[in-house]
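*Asks:* The sequence isn't on hand, but the structure is:
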DNA sequence: TTATATCTGTGGTCTAGACATCCTACGAAT
DNA sequence: ATTCGTAGGATGTCTAGACCACAGATATAA
């Protein structure tokens, strides 16, 4: 680490990004620090200023740095932006919170899509899709019920997968080459009804977080539509927002 | 519209961004459409390819376009990413949902910061800050109670502002030159207690969405820490998530 | 002492090229 | 009919410059 290879498949701006990320990870650069100027970096690593600038720009977009014209580029102080805006599966998410994730498959079958699901997945109502109901656990305690609907070429093969011990996202990625890249989600507060209360092992009328999520693959294609019910007092949802900067 | 001025203060890439946004707004380019290639755009508007590319890249980052190597750049189909990830104040937000926002100031005073607030605002506990409690209405119906804590040079002048008829964010921007650019937010489900039930005009035990938000200005400086309680069945929160793309 | 100008270094914008990588379509060889 | 190679065009990466706007320090003049 610390040198940029001019041959090889990895772009130079990408190598520089990794080098700078590493500097932060090991504490070489601390929050609030001024990092070397674009010109310095380009000389130090033997690349052009525009290439160094591209690396910095991407890390600024990820929230790791911020720039001040005339002064320099600094390491951001807040971490949430850097971590939690990422699209993560349930297992990753729970592990990041320092808990142990668990899953129990309640049902897995091919069913015809209803109007709501078909609309979100951009398919025709009635088309056969893969429906998966799972109970989600954190530290062996029931946390949520999640119903996923998936539609893609060959999705019926998912019936044979062991989705109790393997992450759905991981299976999609490794066996089907589907990389989920983006999701839209809506959240609403509500109360738990009788049916769900039994499964989650809580009282009827407990507060709950209802979420509905559409997940997209690289090509702007929706793959999954999922609804979840999280036990109210056991889950906090994090997000971050940015205002697009307007020029004068 | 449709021409890029080479003189004048507006950067060329920014002018092209606005031109392309307009093409989408008026329906010239529809979701799923292939837009002209970078070379075509650069020739058509008399700018270099890198400048055209910068304009496209920024709109890709905003979720308006997506690229496919070897094929071209396309207009995205989903709109939430384009609209609702933005940091908006309450008034903007409610108007975007087609409702009429309203505000009632419950209290406004200078108080010493407690430990939690001081931590989020990166100040010392006990320092005097501006605290604002507001009842938020949508179509004249109570929707939420919001408590904002603000700390910046001269924040005591906010005591003299009319925050019932003026947006707080707008006042901060126009009178104090503070541009809020980024926020971290956490959401949790819960139930409304007796005190809040009275103010919101709902029954005790109604479901609610609890949010806590830290808002940052351009310089990575926290300005506001706000806690809100939204009536459960009257508000849906939207967000979107992106996975950082990894290179092979 | 206090303004005021200048100088230097920063990020912000922009150019005119170059080559790489990937996708598609078309045509040739099997 | 199928397979393969190739050509053209798209985005992806990269360069070596250039000038601008802004911030801060320093030196100069009132």
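*Replies:* Perfect, thanks for sending it. This one's a predicted model, so the numbers in the text were calculated from it and none came from an experiment.

*Asks:* C-alpha only now, for contacts and for neighbours.
*Replies:* Fine.

*Asks:* Which strand or helix spans the spatially closest residue to residue A:114 that is not a sequence neighbour?
*Replies:* Spatially, and ignoring its direct neighbours in sequence, residue A:114 is nearest to residue A:125 (5.4 Å; Cα to Cα, 6 or more residues apart in numbering or on different chains). Using DSSP states H and E, residue A:125 falls within no helix or strand.

*Asks:* Could you verify my assumption that residue A:125 touches residue A:111?
*Replies:* No: assessed by Cα atoms under 8 Å, residue A:125 is found out of contact with residue A:111, at 10.8 Å.

*Asks:* quick one, strands of chain A?
*Replies:* Along chain A, the stretches classed as strands by DSSP state E are A:65-68, A:72-75, A:101-112, A:128-138, A:141-150, A:180-191, A:207-217, A:222-231, A:236-242.

*Asks:* Name the residues of stretch A:49-59 that come out as buried.
*Replies:* Using 16 or more other Cα atoms under 10 Å in any protein chain shown as the test for burial, stretch A:49-59 gives A:51, A:52, A:53, A:54, A:55, A:56, A:57, A:59.

*Asks:* Contacts made by that stretch with the rest, please.
*Replies:* Stretch A:49-59 has contacts (Cα atoms under 8 Å, 6 or more residues apart in numbering or on different chains) with A:12, A:13, A:14, A:16, A:17, A:38, A:39, A:41, A:42, A:65.

*Asks:* The first one and residue A:19, how far apart?
*Replies:* According to Cα to Cα, to the nearest Å, residue A:12 stands 11 Å off from residue A:19.

*Asks:* of those two, who's got more company?
*Replies:* Per other Cα atoms under 10 Å in any protein chain shown, whichever of residue A:12 and residue A:19 has more neighbours is residue A:12, with 23 against 16.

*Asks:* Now the more buried one. Nearest residue, chain neighbours left out?
*Replies:* Nearest to residue A:12 is residue A:4, by Cα to Cα, 6+ apart, at 6.4 Å.

*Asks:* Wait, that neighbour touches residue A:17, no?
*Replies:* No: using Cα under 8 Å, residue A:4 makes no contact with residue A:17, being 10.6 Å away.

*Asks:* which parts of chain A sit against DNA strand C?
*Replies:* Within chain A, the residues that sit near DNA strand C (Cα under 7 Å from any atom of the strand) are A:9, A:35-40, A:50, A:67-73.

*Asks:* From the residues you listed, which land in helices?
*Replies:* Among those, the members found in helices (DSSP state H) are A:38, A:39, A:40, A:50.

*Asks:* Show me the subset of these that also lies near DNA strand D.
*Replies:* Among those, the residues lying close to DNA strand D (Cα under 7 Å from any atom of the strand) are residue A:50.

*Asks:* Give the ChimeraX command for selecting the buried subset of the ones in helices among the residues of chain A next to DNA strand C.
*Replies:* Here is the ChimeraX command that selects the buried residues among these (16+ other Cα under 10 Å):
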select /A:38
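
*Asks:* Make CSV from the ones in helices among the residues of chain A next to DNA strand C and add pLDDT to it.
*Replies:* Output for those, formatted as CSV (pLDDT from 0 to 100):
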residue, pLDDT
A:38, 97
A:39, 97
A:40, 97
A:50, 97
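
*Asks:* Counting neighbours, what do you get for the residue nearest to residue A:234 when sequence neighbours are not counted?
*Replies:* Using Cα to Cα, 6+ apart and skipping the chain neighbours, the partner closest in space to residue A:234 is residue A:143 (6.8 Å). By other Cα under 10 Å, the residues close to residue A:143 number 23.

*Asks:* is it true that residue A:143 touches residue A:134?
*Replies:* No: between residue A:143 and residue A:134 there is no contact under Cα under 8 Å: 10.8 Å.

*Asks:* mind checking how far residue A:34 is from chain B?
*Replies:* Noted for residue A:34: a distance of 13 Å to chain B, by Cα to the nearest Cα, to the nearest Å.

*Asks:* Number of residues surrounding the closest residue to that residue other than its chain neighbours?
*Replies:* Leaving aside its sequence neighbours, residue A:34 sits nearest to residue A:74 (Cα to Cα, 6+ apart; 4.5 Å). Using other Cα under 10 Å, residue A:74 has 23 other residues around it.

*Asks:* repeat for residue A:226
*Replies:* Residue crowding around residue A:226 was assessed by other Cα under 10 Å; the count is 20.

*Asks:* rewinding a little: show me which of the buried residues of stretch A:49-59 has the smallest pLDDT value.
*Replies:* The lowest pLDDT within those belongs to residue A:59, with 92.

*Asks:* What residues does residue A:32 make contact with?
*Replies:* Going by Cα under 8 Å, 6+ apart, residue A:32 touches A:74, A:75, A:76, A:77.

*Asks:* right, and out of the residues you listed, which lies closest to residue B:198?
*Replies:* Distances from residue B:198 to those, taken as Cα to Cα, are shortest for residue A:77 (39.4 Å).

*Asks:* Mind pulling up the pLDDT for that closest one?
*Replies:* At residue A:77, the model reports a pLDDT of 79.

*Asks:* Okay, the nearest residue to it once chain neighbours are set aside and residue A:37: tell me how far apart.
*Replies:* Excluding the flanking residues, the one nearest residue A:77 by Cα to Cα, 6+ apart is residue A:31, at 4.8 Å. The gap separating residue A:31 from residue A:37 is 16 Å, by Cα to Cα.

*Asks:* ok, so what distance separates the most far-flung residue of chain A relative to its centre from chain B?
*Replies:* Distance from the C-alpha centroid of chain A, by Cα atoms, centre = their mean, peaks at residue A:43 (35.5 Å). Separation of residue A:43 from chain B (Cα to the nearest Cα) stands at 22 Å.

*Asks:* Equivalent analysis for residue A:137, please.
*Replies:* For residue A:137, the distance to chain B equals 18 Å [Cα to the nearest Cα].

*Asks:* What count of nearby residues applies to that residue?
*Replies:* Counted by other Cα under 10 Å, the residues lying close to residue A:137 total 21.

*Asks:* what do you get for residue A:242?
*Replies:* 19.

*Asks:* what bridges to it?
*Replies:* Beta bridges link residue A:242 to residue B:86, residue B:182 when assigned by DSSP bridges.

*Asks:* and the residue nearest to residue A:114, what does it touch?
*Replies:* For residue A:125, the contact set (Cα under 8 Å, 6+ apart) comprises A:112, A:113, A:114, A:115, A:117, A:118, A:119.
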